[in-house]
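Engineer: Got a sequence here, can you model it:
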Amino acid sequence: MENKVQKTEVKIIKKSTKTAASYASIRIPMELKKNAKKWRDIANRNKTGRKIKLHEILTIGVDLIAEENIRELQEKSLTHKERLEILRQKYITQHGPISEDDFIGFTMTAEYQDFLSQQGYLKTVA
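Structural biologist: Modelled structure (predicted):
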């Protein structure tokens, strides 16, 4: 029998001095992707310098988000029932306790219109 000598290879792993950026996939609408690519292509028309990457364009957009934008998104996400409950809670702080059923009845009165105008929900038309 022949003895086979197996060669073991030892791999030396060199650690790079740069740390690689980690990336993650996210789902975005196709229209947003096309729009971001359009802006990237405009940025890359410059003949000098390195190419601008798509994530750099998106970073600029994300950095421009302000607290006001977040409040608008939160307001848009409310259902009608949630908006009604917010108004009911405001009514409770000003006028005292009222049940949900009584508040729904209150919404059908003329006093409700006055309450809405006090809260800034109604604009007067001249």
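Engineer: For Leu58, grab the count of nearby residues.
Structural biologist: 17 (other CB atoms under 10 Å). All C-beta atoms are positioned from the backbone trio N, CA, C, and that covers glycine.
Engineer: Could you report the distance from it to Lys81?
Structural biologist: Computed with CB to CB, to the nearest Å, the distance linking Leu58 and Lys81 is 35 Å.
Engineer: Also Ala24?
Structural biologist: Counting by CB to CB - Ala24 and Lys81 are separated by 35 Å.
Engineer: Domain-wise, how is this structure divided?
Structural biologist: What automatic domain parsing lists as the domains of the chain is 30-64, 79-117.
Engineer: Would you mind reformatting those domains (as JSON lines) and adding columns for mean pLDDT and distance to Arg71 while you're at it?
Structural biologist: Shown next, in JSON lines, are the domains of the chain (pLDDT from 0 to 100; distance: least, CB to CB, whole Å):
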{"stretch": "domain 30-64", "mean pLDDT": "94", "distance to Arg71": "15"}
{"stretch": "domain 79-117", "mean pLDDT": "94", "distance to Arg71": "13"}
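Engineer: Between those, which one is closest to Ile70.
Structural biologist: Nearest of the domains of the chain to Ile70, taken as CB to CB: domain 30-64 at 12.0 Å.
Engineer: Longest helix in this structure, please.
Structural biologist: helix 80-95 (DSSP state H).
Engineer: which residues touch that helix?
Structural biologist: The contact list for helix 80-95 (CB atoms under 8 Å, 6 or more residues apart in numbering) reads 78, 98, 100, 103-104, 106-107, 115-116, 119, 121.
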